[in-house]
Each structure stands twice: as C-alpha cells, then as structure tokens.
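In: structure for the following, please:
(4 chains)
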There are 4 protein chains.
Amino acid sequence: MNAMKNLKLCSLEGRPLPTCIEVGKARIGENFTIMAGPCSVETMKQTMETAIAVREAGADILRGGVFKPRTSPYDFQGLGLEGLRILRKAANEVEMPIVTEVIDPRDIPWVAEYADILQIGTRNMQNFSLLKEAGRSYRPVLLKRGMHSTIAEWLNCAEYILAEGNPNVILCERGIRTFEGSTRNTLDLSAIPNVQRLTHLPVIVDPSHATGRRELIEPMSLAALAAGADGLEIEVHACPDEALCDGAQSLTPEMFKDLMKKLRYLDNALKSYEE
Amino acid sequence: MNAMKNLKLCSLEGRPLPTCIEVGKARIGENFTIMAGPCSVETMKQTMETAIAVREAGADILRGGVFKPRTSPYDFQGLGLEGLRILRKAANEVEMPIVTEVIDPRDIPWVAEYADILQIGTRNMQNFSLLKEAGRSYRPVLLKRGMHSTIAEWLNCAEYILAEGNPNVILCERGIRTFEGSTRNTLDLSAIPNVQRLTHLPVIVDPSHATGRRELIEPMSLAALAAGADGLEIEVHACPDEALCDGAQSLTPEMFKDLMKKLRYLDNALKSYEE
Amino acid sequence: MNAMKNLKLCSLEGRPLPTCIEVGKARIGENFTIMAGPCSVETMKQTMETAIAVREAGADILRGGVFKPRTSPYDFQGLGLEGLRILRKAANEVEMPIVTEVIDPRDIPWVAEYADILQIGTRNMQNFSLLKEAGRSYRPVLLKRGMHSTIAEWLNCAEYILAEGNPNVILCERGIRTFEGSTRNTLDLSAIPNVQRLTHLPVIVDPSHATGRRELIEPMSLAALAAGADGLEIEVHACPDEALCDGAQSLTPEMFKDLMKKLRYLDNALKSYEE
Amino acid sequence: MNAMKNLKLCSLEGRPLPTCIEVGKARIGENFTIMAGPCSVETMKQTMETAIAVREAGADILRGGVFKPRTSPYDFQGLGLEGLRILRKAANEVEMPIVTEVIDPRDIPWVAEYADILQIGTRNMQNFSLLKEAGRSYRPVLLKRGMHSTIAEWLNCAEYILAEGNPNVILCERGIRTFEGSTRNTLDLSAIPNVQRLTHLPVIVDPSHATGRRELIEPMSLAALAAGADGLEIEVHACPDEALCDGAQSLTPEMFKDLMKKLRYLDNALKSYEE
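Out: Down below sits the predicted model:
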C-alpha cells in the first residue's frame, strides 16, 4: 500500500471532517442521495417518462448517458450533444440536477454547461488527461472505481482531480472484475468502510453495473446503505426490455418505487439508532 | 453456468421452501443466527471467558477451531481432541451448541460426537472425500465457499453432502480472492441473494475472514443482514492481541456486544417493514 | 510475502543445488521429463492404446487418473482400485513408471504400492491431512499449484511434505483462476523462473488443464521448455472425443508425437547454446 | 464470448493472411521484432546512451515514454514535447524508428509527426476517444492489453482503430492483474496462440511490465518467442538504479545484449525446424 503515502488532499489527515457536496437540493456526504435514470438517453419520450418516474419515487439526481463506452465500435455509442439537450430538458421539467458520463477531455468544457455532475467511468478511472481536465472544471465529479483497481489507485485518481483545484469528488464503488461469472462484476461493499477510514470524500454505490442483474439490486442497495454508503446510482428504464443498453440490469419504475420506499424506511431506522 | 444443471437436491426446483436447520435453540434459516467465538481454542481460560462473553451478548452458537489449516507447517496447528474437550466443556457451561472445523475425513466420526455442527473450510470446499464423509454424518454441515470458487461450484459441493443423505447444509460466504490487497479477501455479498434464488439452503456470512480487519466487521455484518443473510459467523477473542491466530480480525467482547445490539435492532426494523 | 520466511527445507538457502528425483529411468530435475496419458483410466483397451502411443512417442512417465475430483457428484468419479490395476498393467507392459492422483489420506498407503509418483491436485493443494500423509509415504509427490494459490502458499505446501520426511517433491504449475474465460485457467509461466529462484525442487508444467484447449498445448509446451521448466504433464487420449473427462484438452496420439519431436529438437537446441 | 461476434476487420474470417507492418526496416508480423529502450525519456545523455546500447545489441525499434501514466499526480509525469524531441534526436542518431505512448487524443496529431508507432497503454485500452483518434492517424498503433481485459475486449479495441481506417495495429500482451503479488502482473502467454487463432494482426509481448522483475525477463522473453510471439517490447536503461520510473524491471545494456544473442539463436533454431 505504498501508493497510499502520496495521498494529501483527499486524505483524512489533511481534512478530518467529511466533505459535503451540494448539488441543487442534494447534499451528498450528508444525506443518503439517490441518482437514478436510464443507462442511455435514447429519446425524449423515454427520458421524460423515466425522469418523471424517478422524481415521483423520490430520487435526488437524474442520471443518463450520452457518450457510451461500448465494447464494440458497432454498438450504439450514445446520442452526444443531442442526448445532453434531451437530458437537460427532462431534468428541468422535473427540477432535478443531472449526472452524465464524459469520456473525452475535449468534451468537458461544453458538457459542464449542461450537466451538474461529471461522471468518470470505470474504464477511464486512470485516464489521467480526463482526470486533469475534470479537475479544472467547476463541476463536481463522480469518480467510479476501475473494475481492476485497488483502493489505493482509486484514491490517487481522486487526488489527481483535487490537485487541479476541484475539491468536489464523489467516489463510486461499482464492482470489480473477478473469476465469478454469474454476476457482471463482484460488488466490493467492504470498500465503503475501507475508504471512509482513509478519505473525507463521499462514497456511493452502483449496484446496477456491479451485479448486472435486476433482481439483485434491491438487496445490494439495502446492504450498501447498511454498510454506510452516502448514496446510490441506479439504472431505471421506463421499458427495460426495449433499452438500447443494459436492459437486464435496469429496474422498472415500479420496482424502483418499492426500493425507494424501503431505502427511506431503513435510512430512518439507522438514523434513529444513532441518536 | 453448465455446472448448475447438475443440481438436484439443493435446488429450489426440487424443494421450493427454505430449509430450517435446528441446532439447540437455534433455527438456522428461520431466525438470524450468530455463531461467535475464538478462531482457535487455546486454553480453557480463554475459551471459557470468550464463551461467557459471546453468550451474554446474545450469540446463538459457539465457534472455535481445534484443527487449524495454516499456510506453514511450522505455525500453530490447533489442539485437536484436547481442544475439542475444552470447547465442549465451555459450551456446556453456557448452554450453547458448538461449530468446529474438520479437515480430515478420518476425524469426522469422533468429532461428530463432540460438535453440533461440522464446519468445512474454504481450502477444503472441494475436498470431495471430506464432503462425502460429512454427508454420511448425522450432524449439520457448515460449508464455506472456496476463496476461488464460483457460486455453481459451491452449490455442487453442497450437493455432494446432500447426495450422501445429509440434508442439513448451511452455506457460508467468506470472501473470494481478488487483486485487492487492503482486505484479506473480497466479501461477495451479492452471493447471498444470488444463492437464495438457486437453493433452499440457509446462507450465512463470515465477515472476519472476509475482511481480516476488525474495524470493517460491524459495517459488513450490518450489510450482510440487510442483504438477506441468515446469520453470521464472527471471531471474538477475550484478548485479541494475545491470540495465536488471526488476532487482527477478532472483535473484543465489548465490540461484539455493541455489534449484537445493533444487529438486533436492525433485524427487528427489517422484520417490522415486512409485516 | 511473509509466508516465505517459514520456508526451510524447500528453500535454496538450506540446499543450493537442484534436487534430482529418480523414478525408473527418468531423472526429474536433470532431464526434461514428459508425463503423458489419459485424464481418466476408463478401460484396459483405452489405457493400453494410449500407453503404447505415448511410450512410442518418447514419454517418460505414464499419467492416468483413477480418483477424479469432479465438480458434480453425479459426474464420473473414476474407477478407483480397478483403474489403478489397469494403469499398472499397462505401464508394466510398456515399462513406464506411473503418476496418479490421490484425494484421500486413507488411500495413500495402498495407492503407493501401485503408483511410482503420487499426485496432489490443485483443489487439494492445501488439504493438509493429505499433504502430511504424502509426506509420510516413500513415493515422490507431484504437487500441483492451487488455482487460487500464491507462489508462497504453494512452496509452504511443499514444505509440509518435506517436513514429514519425504524430500522428493515435484512442483507443477497448472494455471491460476482469473477473469479470462477463453481459456480454462491462465497459465502462469513466470512461476517457473520465479520458484527456481526460491527452491531447489524441480518444477514442471501442465498445459492441458491450464488452457483446456487442445490447440494451445503445443505453443504452451514449447514456451514452458524455453522458460526453463523441468518437464511437462500432458493429457493424451487414444480417442479424445470419447473421453469421459476433459476430452477437449486431450491431444491425439498423432499430435502428441509431433509435439514430442519438436520438444526434443528445442531441448537440444537450448542445451547446445548453454555449452 | 458474445463480444467476438462483432469482430469484422481484425478477424481471420475477413482476412486469413497475417498482417505485416513495415516500420523503417522492421517488418512486424514477419520477422521477430525487438522494441527496446528506457521506460521514460529523462535526459539526452541517458536516452542517447541507451539508444546506442540497444542498437548495438540489435534492437529494431527504440521505445521511450514522454507522457507517463502514473498512479500518483505527484510522481514524475514525463517530459512531454521536450522528451519527444530528445527521443527523436537519439533515434535519428542510431537510425531507428521510435514507439512512444500517447494518453490524450489531443496529442495524437503532433506526436504522430515525431513518432513512428503510437502506443496505447494498458490503462487506456478502453479509452475509446483515444482509440478513435489513433484510428484516424496515419501511424501504426501498438495496442496493449488492458490489465483487466479479456481477449474479446482487447480485439474489439483493435477493431475500434481499424474501423476508423487505420489497418496497422500491433497487439501487445503485457500481463493481467491477478491475486499473485510476487510479480507485478501475471503474464498470459497463452494469449499469443489464442489471438493468433482469431486475428491476422501481429502480437508481441512486454515481459518488463508483466513481471516487474529484471531477473524474470530473459526466461519470459524466450518463452514468448517459443509461444509464437511476433516480437518483444523490453525496458533497458543505461543505469537502472537511477531511473525515475520502473528501475527494478529495466535490463542493463549488458543483460540486454546477452538476451538478444540468445533470442537470435532461438529464433534461428525455431525457423530451421519449420523448414
């Protein structure tokens, strides 16, 4: 764990109190925060329907991808600027902030005009050009853990962003790659209390990409909350079976509503205990 | 996942209702069950002190190792029969059933006379001679997941035991081996809802061996409960710093007491929600 | 790598010269040694045909399994004693020593009467009862690396055998489990020079289980030789398509003959260079 | 392996003959090609000394990094344009083509003016913006396998480059991340024959980053050649102990000279056999 010794700005030694990042009405790091929405922005209708559904269920931030890092060059790559406009319009309609992934340092300045939070995905965690550009942006950054990355490497990538002057980084555990093939990745929930003993940055969990299976999202969401996570990022699609990307891991609006109810109940129960 | 197609006795298709295994007053698979105690039985004093402490805190079953599978032949290998007598005596004093690991098929008949549950450890998950002998025993078997094993392989090992005529198998997720080195293993909590969709057998979690770090045990125990686990196996040592084995991952009696209180609270809260 | 500090008998510090293990005419650790034969002994005809074929191609030792550690209890488990008699008879016919896997400590005394080398498989690498019993046997032991095991753990298992008084251990790298699914395991050839810098014991390679694919065995065998391995263990079956176990990774006698010719050529070329 | 079905341009089905990429006098895919040089370009003196040494030993292409993707933002990040000029000057002096890593899509147009081959590193294998920009460049691209990437994902990344119109991609196996900690990564030599059965693109091996240990580079280089690789990329430093990056895995000029001699001998021996 030599890589830990270079951590300065993100470490608890430099700043022992938790960072709270305010985005719209959300206070990430203070209140349990839910980011939800479709994997990809596909059409205005699909995005608007999903936005209304997640808003009604109580989500805090609308997620949606417009640049999709896909395994094959022949798969759907996202709608780009057009998608971003759709996402912004839907978000405004329901009065939610948005989080969207960036994959090219050249896009950050103009994406930052539309998006409230810039997401850096698992494949780009060590894309240092992207990290530095995100560090120069005025927007909070959601930094996903590399599927092949140690805790130390992940925190060093947060340090890259902080070192450029941007103090608002949200960590996101989304599963690591192992030999187990019945889930898309292996969700490492021990990463939550592990990083909380090292950094003041908030840390959330993405159970959708971690498991890749709709039916495992509720138990993993509850477990993440019980483990002390600061929030969740969850894929919801108005019609998962018609999704252009990752349909099998998207919740229906109905499932998401049930999950939100249970999360709120559990969050309150855990808070009551602490008092 | 071809290996799934051979599952018969342990699969939900053959028996859709959950198995409940009764050991003393514990009903594993029905009530959230806590197995706690020292990694190794070392002395009567240490074992008795720990037994009293975990009993007072509300543990259901006393754990303790007398045959220790150690990396090096020159490390402490456990007290064997002498240890088993100590463990039994301490357990009788506090009126608890005991669970203890077996590592040799030749030992099963006589260990079964002392122990209420036979544990098969992660290194022996695919020790098929041991599985078959455990399957011929009249005692319930706690089967840990191999640190390198898929869900399918794990369930097939349970099938080995069931196929010999012993229906009482408790599965135990204890972390898998990955590239992450800041924890001893990577606890795969998604394995809980994953196996529950495949088998009627109860499944518990061992956060002590999974994390190897005392300070991560409470959040991982709460997360396991929230994920739907049927119980926990936790290492507790009256004086962790003097432990002959795995001291760094053992809770003190005081920490264990606090954890039990929080687990009971959370268990009740989750049950209230379902009603 | 703390686990390294406990190595005594197998370490180069205690004994700087390479161990040479003589079995029949083979001198393992001195000459490049080929162990070949069927995954499982199935019938006298199949075993005899394969034995003749590998002998003619120049193999040194006949391999064949009679106790098969299979994922499912309903798969073919091997012929046991009957298989061992078949294997011995075939081996005597072609005047070859035999290597066969043991999976139960109770079997070692009688298997040792038939077999020249006792093999401990990847799933049993840390079956310490089996290791100790093998250490009390007068037969050389072929110790496969656990598919989940570090170099340090593997050498400690050799130490278990040596510590019981048996100095004749042959290490066998057979691939480790990773996320890559297009091969059965990931063959770690760097393990060869790695262990040679730590131990005086000979180390061979099993490309059949490592890759699980017939067409990858020749390049991996040549690579193992070039990396400095002391030999190979290869699956050959007279009719791979009819094999009861692991047919896809078995060479035909014709393929094996071609491979042997190429290996001999390369072995000579490498030796000429050193001189 | 669904991801395989999207492969068109890089697959053997579309083009059964091996691709040969000519760079200076090197013919990658036809002759065994050695790329060697320092991890980082540090000074003119160090670069020139190393260039002369690797040239004299018979290397074909000079490697050297000027943008270093480092775990920590506070580590040496490379000399950038200044380094590129040094590298070009040294290469011209010894009449060698150069290969250098790019990490930002914005740099590709101007780096392509200096470098003969653009390298895409393991952390950027799925940096799709970078892949697309490299695909629009007129320079050959050396594409390293992601340390967490399957064979299928790697080939799909090559497909990204080919789909933009650049047919000259060289694959480079450099080790994958596993639980084994005694080497930096686990070199997967089976990837060589594995990809050769899927693609017409040449594939080389980087034993330096794979093992991270100087003493393992010779055996792994010989093994790569025997496995059928089309070449090697090796780190050589005039004074490894003074290197600003990765000194422990750099060969001295003397070691590199010995290795080159042995490689040439083995290459000739293998060719003679085929004839």
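
In: from what I can see residue A:245 touches residue A:68, true?
Out: Yes - look at residue A:245 against residue A:68 with Cβ atoms under 8 Å: they come within range, at 6.0 Å. In this view, the C-beta of every residue, glycine as well, is placed from N, C-alpha and C.

In: how about residue A:105: what's its closest non-neighbour residue?
Out: residue A:133 (3.9 Å; Cβ to Cβ, 6 or more residues apart in numbering or on different chains).

In: my bad, residue A:257
Out: residue A:57 (4.3 Å).

In: likewise for residue A:104?
Out: Here the residue nearest residue A:104, using Cβ to Cβ, 6+ apart, is residue D:129, at 3.8 Å.

In: that neighbour should be in a helix, yeah?
Out: Yes - Residue D:129 forms part of a helix when assessed by DSSP: H, G, I helix; E, B strand; the rest coil.

In: which regions of the stretch 101-250 of chain A sit below the pLDDT cut-off?
Out: Under the criterion pLDDT under 70, no range of the stretch 101-250 of chain A is flagged.

In: ok, the host helix or strand of residue A:86 near chain D or not?
Out: Element membership for residue A:86 (DSSP states H and E) is helix A:81-94. No - counting by Cβ under 8 Å from any Cβ of the partner chain, chain D is not contacted by helix A:81-94; separation bottoms out at 14.9 Å.

In: give the buried residues for that helix.
Out: Neighbour-count burial for helix A:81-94 flags A:83, A:84, A:86, A:87, A:88, A:90, A:91, A:94 (criterion: 16 or more other Cβ atoms under 10 Å in any protein chain shown).

In: pretty sure the fifth one contacts residue A:114?
Out: Just to be clear, that refers to residue A:88. Yes - with contact defined as Cβ under 8 Å, residue A:88 reaches residue A:114; the gap is 4.9 Å.

In: need the overlap of contacts for these two.
Out: With contacts taken as Cβ atoms under 8 Å, 6 or more residues apart in numbering or on different chains, the residues that reach both residue A:88 and residue A:114 are residue A:98.

In: quick check: end-to-end length of stretch A:208-217?
Out: Start-to-end span of stretch A:208-217 (Cα to Cα, to the nearest Å) is 6 Å.

In: likewise stretch A:24-41?
Out: 21 Å.

In: the residue in the stretch 51-200 of chain A that chain B sits nearest to - nearest residue in space that isn't next to it in sequence?
Out: Residue nearest to chain B within the stretch 51-200 of chain A (Cβ to the nearest Cβ): residue A:193, separated by 4.1 Å. Leaving out its chain neighbours, the residue that sits closest to residue A:193 by Cβ to Cβ, 6+ apart is residue B:219, at 4.1 Å.

In: show me the contacts for the residue nearest to residue A:104.
Out: Going by Cβ under 8 Å, 6+ apart, residue D:129 touches A:103, A:104, A:106, D:105.

In: run a quick neighbour tally on the last one.
Out: I take that to be residue D:105. Using other Cβ atoms under 10 Å in any protein chain shown, residue D:105 is surrounded by 22 other residues.

In: any idea how far residue B:69 is from it?
Out: From residue D:105 across to residue B:69, the span is 52 Å (Cβ to Cβ, to the nearest Å).

In: what do you get for the third one?
Out: Note on residue A:106: its distance to residue B:69, by Cβ to Cβ, is 55 Å.

In: within range of chain C, give me the residues from the stretch 151-275 of chain A.
Out: A:177, A:178, A:179, A:181.

In: tally of neighbours for the residue nearest to residue A:257?
Out: Neighbourhood size, residue A:57 [other Cβ under 10 Å]: 21.

In: same check on the one 4 residues further on?
Out: Other residues near residue A:61 come to 25 when the count uses other Cβ under 10 Å.

In: what about the residue nearest to it when sequence neighbours are not counted, which helix or strand?
Out: Excluding its sequence neighbours, the residue lying closest to residue A:61 (Cβ to Cβ, 6+ apart) is residue A:35, at 4.2 Å. Residue A:35 is part of strand A:33-37 when elements are defined by DSSP H and E.

In: just want the angle from that strand to helix A:81-94.
Out: 130 degrees (axes from the mean of the first three to the mean of the last three Cα atoms, to 10 degrees).
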